[in-house]
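Asks: let me see the structure of the following:
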Amino acid sequence: MDINRRTGSVAELAVSAKLVSLGYNVSIPFGETSYDLIAEKGGRLIRIQVKTATLSNHGSYRCSLTHGKSNKSKYTQADCDLIILYAPYSDDFKDIHNDGFYIIPIKEMVKKNAYHAIIYPSGRGKGNSRICKWEEFRDGWESI
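Replies: Numbering: from 1, shown residues only. Modelled structure (predicted):
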């Protein structure tokens, strides 16, 4: 298994574990889909795309918000219902014990019109930007 698939699998499992702990049933679709997971609670199905953020040399995490190999496309409501950005903070920072989960409804993603996200633990940003612009979505599990 290549490193990108392994990293993506770790993120999908971390998100799945969190969803199960919150009382959701989680399914993994087979075949080619534009989403990675299906979460169900109370008869409501939610298509979830999981995106993994990777640590850069600058101490922040970068995460692509597109799909496709050669023609990069932004996600739409036809692709999924929400995107969860996963950042393995606990792996990279000894004093942070919780990973970052940013739960972003697709309608908010469409409004932001972004091709990538730069995220980092609260208070760890560089210069004047101590809180990332995606912080409002951190641990926003209630938006599911």
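Asks: now the strands for this protein?
Replies: Listed in chain order, the strands of the chain (DSSP state E) span residues 25-27, 37-41, 44-52, 54-55, 61-64, 66-67, 73-74, 82-87, 100-105, 116-119.
Asks: ranking the ones you listed by burial, who's on top?
Replies: The highest mean neighbour count among the strands of the chain, using mean count of other C-beta atoms under 10 Å, belongs to strand 82-87: a mean of 25. For glycine as for every other residue, the C-beta is placed from the backbone atoms N, C-alpha and C.
Asks: could I have the CA atoms of it written out in CSV?
Replies: Once non-C-alpha atoms are left out, strand 82-87 reads as follows in CSV (Å, rounded to 0.1, in the frame of the first residue of the first chain):
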residue,chain,number,x,y,z
LEU,A,82,-20.0,17.3,4.0
ILE,A,83,-16.2,17.2,4.1
ILE,A,84,-14.2,16.3,7.2
LEU,A,85,-10.7,17.6,7.3
TYR,A,86,-8.5,15.4,9.6
ALA,A,87,-5.2,16.7,11.0
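Asks: give the partner strands of it in its sheet and their orientations.
Replies: Strand 82-87 has its sheet partners listed here by DSSP bridges as strand 44-52 (parallel), strand 100-105 (antiparallel).
Asks: is it true that Tyr86 touches Ala14?
Replies: Yes. Using C-beta atoms under 8 Å, Tyr86 is in contact with Ala14, at 5.8 Å.
Asks: find residues that contact each of the two.
Replies: Residues touching both Tyr86 and Ala14 (C-beta atoms under 8 Å, 6 or more residues apart in numbering) are Asp99, Phe101.
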